[in-house]
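1. Here you go, sequence then predicted model.
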Amino acid sequence: MSEAYIRVENLKKYFATKRGMLHAVDDVSFEIQKGETLGLVGESGCGKSTLGRCLIKLLDSTSGKVLLQDEKGYVDITKASPREMKELRKRVQIVFQDPYSCLNPRLSVWELIAEPLIVNKIYSDKNEMRRRIRSLMDTVGLAERLENSYPHELDGGRRQRIGIARSLALNPEFIVLDEPVSALDVCIQAQILNLLNSLQKEFKYTYVFISHNLSVVRHVSDRIAVMYLGQIVELSDYKELFSQPLHPYTQALLSAIPLAKLEVKRERIILEGDVPSPIEPPNVCRFAGRCRYAKEICKSKAPALIEVMKGHFAACHFAKDFIKGE
Amino acid sequence: MNDKIMLDIQDLTIHYEVESGVVHAVEGLNLTLGRGESLGFVGETGAGKTTTALGIMRLIPNPPGKIKSGKIIFDGENLLDKSEAEMRKIRGEKIAMIFQDPMTSLNPVITVDKQIAEMISLHKKVSHSEALKLAGDMLELVGIRRERMHDYPHQFSGGMKQRVVIAIALACDPELLIADEPTTALDVTIQAQVLELMKELKQKFSASMILITHDLGIVADICDKVAIMYAGRVVEYADKRSLYTNPVHPYTIGLFRSVPDIDEDVDELPVIPGLMPDPVNLPSGCAFHPRCSMAEETCKTLRPEMQEAEPGHFAACPVCVKKFLERSGK
């Protein structure tokens, strides 16, 4: 394997609450290769958005490292000073979930896209900036006539295109996409997914794609990480994750996807109960309470995320038993 | 299954009259639902699904909303002729509705048992304590322990709240249940739990159901019939099997294709070009023609009527129905 582009080491993010420490992201380590899309799936509250934000230091991490490759080796984003961060922001960007609330309603499309360019003083020449904004609008598929429109005049798909144009404005290398299509209808969703895909091909972006929609994640990702209660429970190539899930939570998650097909007969694994509280979780397998395979060891010892098959990691004491064909 | 028709919507038109013009939310909609059937009502945001449901319940906010014409025949009687007092008897007792967001459809300052009991005392002659006891039974039925009946909504998780809402809806044993995106706000594993529960209860109560959703996967899971809605009209209606195996209308086909397939790798998703038309300003003829790859000259002027492609399978696209008949005729 080549040098990783981003290395996340033992990243933790705790929030202090009245009832104790909330372990939003709890000791997570993984690598991202240059130009790949890492899908991050999990249910509400599993810490996927928090992790995404820690990756680009929109949230300060409690401990751990996020190492980003540069000419000299690696820089640790979590330790970057505000001044260093301002430079780094040009390389790492984010697209938010809700295109209705992440755009300033009082700025026009033109002003919204110009904002990052002005803040970072990229262009001294007005005409150059004009050309850049035009080309950005063109790249994300916004018609020129919309440049004086305000967000409320546009539909969700177009608003999300503005969000994407803003994140592309500074020529980033790495983009965190936090549920970029969850608020959109399926037809618009397909349009945006195609746009993100073609942008990645053209500009070689590295994506982290956060979503709760497994079919969408499978479509866009090269590798997929499944999160449960602040931890990564499985990480693998996208195809293998779907054909051979090694963690019981992944298996349940996959079986719960409603498929728009009739012929397929699947066994549906219905999980009992809800996700337990992330506040001061005990140091055991966090899925054990809902797991149908749980044994004594699961309730006394936390499983580590280990490489069960080549390139396929799982955090389950019995992951080996789920390997097919052996 | 009983062939008797329970709900027959004829030529329903609902408009919202707003400053910028008239919003054609529902335009000449026709739909029938048999007793014990469950119908999936599919379409994108703004297609008019929720407006239709609110129309059946006579809950369209007026102004600006107005039912302009049509009939909603329920159990042989036109709901649009009913007085407000008569409607109040029907709502909850005969027709119950489950709303999308369980967080906002429950009263946050009243314990859940009282909220269920409220529905029961409104429609049945029972004492207060009897109603509370029935409320506890309902909670157990939807899988919530009786000990929790004195809890407030915020003490429950999203999935549990939706169970409470379902308990309220079913408390008076309604004949028709309208569920408006009941699981959209829930996570997939919780969604699976709630869908499983709804399937079970539908059997138990032998109620008819209209399930409003944008997710073709959920429809495949629990419905018998499917109606696809576009710009205020039903464009395709069929039983589930024939719609999923032989979709006829180009919009339905496009909808199926834009969902990423879980077993297949595609580089680019096939998309329907363009956007939903502005309901204030619908295109002439077939509302879908500007986005349709198969559109012919006549589509621009002629409003398509529903035609039968195979028994029980209707589509509002003469061009495609003709092609479909030619294909199956050989």
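-> That came through fine. Numbering: from 1, shown residues only, chains lettered A, B, ... in the order given.
2. B:V194 - that's part of a helix, no?
-> Yes - judged by DSSP: H, G, I helix; E, B strand; the rest coil, B:V194 forms part of a helix.
3. okay but it is in contact with B:G159, surely?
-> Yes - A contact is recorded between B:V194 and B:G159 when judged using C-beta atoms under 8 Å, the distance being 6.1 Å. Glycine gets a C-beta too; all of them are placed from N, C-alpha and C.
4. and stretch B:166-180, how far out from the chain's middle?
-> Per C-alpha atoms, centre = their mean, to the nearest Å, the displacement of stretch B:166-180 from the mean C-alpha position of its chain is 13 Å.
5. meant to ask about stretch B:232-245, not that
-> For stretch B:232-245, the distance to the chain centre is 13 Å (C-alpha atoms, centre = their mean).
6. Show me what that stretch is in contact with.
-> With contacts defined as C-beta atoms under 8 Å, 6 or more residues apart in numbering or on different chains, stretch B:232-245 is touched by A:260-262, B:24-31, B:40, B:47-48, B:219-220, B:223-229, B:247-249, B:251-252, B:279, B:282, B:287-288, B:306, B:310, B:312-317.
7. Narrow these to those in helices?
-> Secondary structure of the contacts of stretch B:232-245 is defined by DSSP state H; positions in helices are B:V219, B:A220, B:Y251, B:T252.
8. Which one of the residues you listed is nearest to B:D263?
-> For the ones in helices among the contacts of stretch B:232-245, the closest approach to B:D263 (C-beta to C-beta) belongs to B:A220, at 14.5 Å.
9. show me the contacts for that closest one.
-> When contacts are counted by C-beta under 8 Å, 6+ apart, B:A220 touches A:P258, A:L259, A:A260, A:K261, A:L262, B:K240, B:Y244.
10. With adjacent residues omitted, what lies nearest to residue 158?
-> Just going to use chain A. By the measure of C-beta to C-beta, 6 or more residues apart in numbering or on different chains, the closest residue to A:R158 outside its immediate chain neighbours is A:L142, 6.5 Å from it.
11. Chain B was what I was after
-> Nearest residue to B:G158, sequence neighbours excluded (C-beta to C-beta, 6+ apart): B:L186, at 5.6 Å.
12. Now do the one you found: how many residues are near it, please.
-> 21 (other C-beta atoms under 10 Å in any protein chain shown).
13. Helix or strand: which one has it?
-> B:L186 is part of no helix or strand when elements are defined by DSSP states H and E.
14. if I look at it, how far off is B:P102?
-> Separation of B:L186 from B:P102 (C-beta to C-beta, to the nearest Å): 8 Å.
15. For these two, list the residues in contact with both.
-> With the criterion set as C-beta under 8 Å, 6+ apart, the overlap between the contacts of B:L186 and B:P102 is B:G158, B:Q162.
16. Run through the bridge partners of the closest residue in space to A:L58 that isn't next to it in sequence.
-> Spatially, and ignoring its direct neighbours in sequence, A:L58 is nearest to A:I94 (6.8 Å; C-beta to C-beta, 6+ apart). Following DSSP bridges, A:I94 is listed with bridge partners A:V176.
17. List, one by one, the residues from chain A near chain B.
-> When proximity is defined as C-beta under 8 Å from any C-beta of the partner chain, chain A approaches chain B at A:43-44, A:155, A:157, A:185-191, A:193-194, A:197-198, A:212, A:214-216, A:218-219, A:239, A:242, A:252-253, A:255-262, A:268, A:270-271, A:274.
18. Can you give me the pLDDT of residue 216?
-> By default, I'm working from chain A. What the model reports for A:V216 is a pLDDT of 91.
19. actually chain B
-> The confidence metric pLDDT takes the value 89 at B:L216.
20. now B:E297
-> You'll see B:E297 listed with a pLDDT of 88.
21. how about it, phi and psi?
-> Main-chain dihedrals, B:E297, degrees, to the nearest 10: phi -50, psi -40.
22. what's near enough to touch A:P105?
-> Per C-beta under 8 Å, 6+ apart, neighbours of A:P105: A:Y150, A:P151, A:H152.
23. And the residue of chain A closest to chain B?
-> Across chain A, the shortest distance to chain B (C-beta to the nearest C-beta) belongs to A:P258, at 2.9 Å.
24. Can you verify my assumption that B:G274 contacts B:S293?
-> No - with contact defined as C-beta under 8 Å, B:G274 does not count as touching B:S293 (11.2 Å).
25. okay, the two: which has more neighbours?
-> A side-by-side neighbour count of B:G274 and B:S293, using other C-beta under 10 Å, places B:G274 first with 12 against 9.
26. Distance check, the closest residue to the more buried one other than its chain neighbours against A:P278.
-> Of all residues not flanking B:G274 in the chain, B:R291 sits nearest, at 4.5 Å (C-beta to C-beta, 6+ apart). Distance, B:R291 to A:P278, by C-beta to C-beta: 44 Å.
27. and what of A:I210?
-> Looking at A:I210 against A:P278, where the rule is C-beta to C-beta, the gap reads 17 Å.
28. Repeat that for A:I192.
-> Note on A:I192: its distance to A:P278, by C-beta to C-beta, is 30 Å.
29. Check A:I6 too.
-> From A:I6 over to A:P278 the distance is 24 Å, taken as C-beta to C-beta.
30. pretty sure A:F15 belongs to a strand, no?
-> Yes - with the criterion set as three-state DSSP, the secondary structure at A:F15 is a strand.
31. Return the set of residues that bridge with it.
-> Per DSSP bridges, residues listed as beta-bridge partners of A:F15: A:L22.
32. wait, what's in contact with the residue nearest to A:L58?
-> With contacts taken as C-beta under 8 Å, 6+ apart, A:I94 has the following neighbours: A:G52, A:R53, A:I56, A:L58, A:S167, A:I175, A:V176, A:L177, A:D178.
33. For A:L146, which residues are in contact?
-> For A:L146, the contacting residues are A:V109, A:M137, A:L154, A:R158, by C-beta under 8 Å, 6+ apart.
34. now the residues you listed in JSON lines, with pLDDT and secondary structure?
-> Formatted as JSON lines, these follow (pLDDT from 0 to 100; DSSP: H, G, I helix; E, B strand; the rest coil):
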{"residue": "A:V109", "pLDDT": "94", "secondary structure": "helix"}
{"residue": "A:M137", "pLDDT": "93", "secondary structure": "helix"}
{"residue": "A:L154", "pLDDT": "87", "secondary structure": "coil"}
{"residue": "A:R158", "pLDDT": "89", "secondary structure": "helix"}
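35. Of all pairs in the residues you listed, which one spans the longest distance?
-> When C-beta to C-beta is used, the two most widely separated members of the contacts of A:L146 are A:M137 and A:L154, lying 12.4 Å apart.
36. Need the residues touching each of these two.
-> Common neighbours of A:M137 and A:L154 are listed as A:V109, A:L146 (criterion: C-beta under 8 Å, 6+ apart).
37. just to revisit the earlier point, flag whichever of the contacts of B:A220 scores worst on pLDDT.
-> Ranking these by pLDDT puts A:L262 at the bottom, with 78.
38. Check chain B for the residue nearest chain A and tell me.
-> For chain B, C-beta to the nearest C-beta, closest residue to chain A: B:G217, 2.9 Å.
39. What is the burial count for that residue?
-> Under the neighbour criterion other C-beta under 10 Å, B:G217 is assigned a count of 17.
40. That one should be in a strand, yeah?
-> No - under three-state DSSP, B:G217 sits outside any strand and is assigned helix.
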